[in-house]
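> Mind looking at a prediction? Sequence and model below.
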Amino acid sequence: MDNYIFFEEGLWMLVYAFLLSSVGLIAVSGIGLAVIESIERTNNR
């Protein structure tokens with residue numbers, strides 16, 4: 001019973017983690033920009 005991860009599996013895990021984190025960062029930054037924009041709109045009125 002071997003518990004070590006093969007190189008290709010580890011590489012795919014890293015690729016999926018990178019893609020998920022980049023998509024998450026883009027989504028969070030878009031939400032943050034929308035919130036800031038709405039705050040600026042309410043301050044201008």
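On my side now, so go ahead.

> Angles on the backbone of Tyr4, please.
Backbone geometry at Tyr4, expressed as degrees, to the nearest 10, gives phi -80, psi 150.

> State the number of residues packed around it.
Burial of Tyr4, expressed as a neighbour count using other Cβ atoms under 10 Å, amounts to 7. No exception for glycine: its C-beta is placed from N, CA and C like everyone else's.

> now do Phe6
Counted with other Cβ under 10 Å, Phe6 comes out at 9.

> where's it relative to Val23, distance?
26 Å (Cβ to Cβ, to the nearest Å).

> Val35 too?
As judged by Cβ to Cβ, Val35 and Val23 stand 19 Å apart.

> cool, Ala34 as well?
17 Å.

> Check Ile5 too.
24 Å.

> Gly30 now?
Gly30 is 11 Å from Val23, by Cβ to Cβ.

> Quick one: mean pLDDT over stretch 11-30.
Mean pLDDT, stretch 11-30: 96.

> Of all the residues in it, which ones are buried?
For stretch 11-30, a neighbour-count test (16 or more other Cβ atoms under 10 Å) marks nothing as buried.

> who touches that stretch?
Under the contact criterion Cβ atoms under 8 Å, 6 or more residues apart in numbering, stretch 11-30 has outside partners Ile5.

> Run the chain-centre distance for that stretch.
In terms of Cα atoms, centre = their mean, to the nearest Å, the centre of stretch 11-30 is set 4 Å apart from its chain centre.

> and Asn3, which of the three is it?
Assigned by DSSP: H, G, I helix; E, B strand; the rest coil, the conformation of Asn3 is coil.

> Just read off the phi/psi values of it.
phi -100, psi 0.

> and it, how many neighbours?
4.

> So it versus Ser38, what's the distance?
From Asn3 to Ser38 the distance is 50 Å (Cβ to Cβ).
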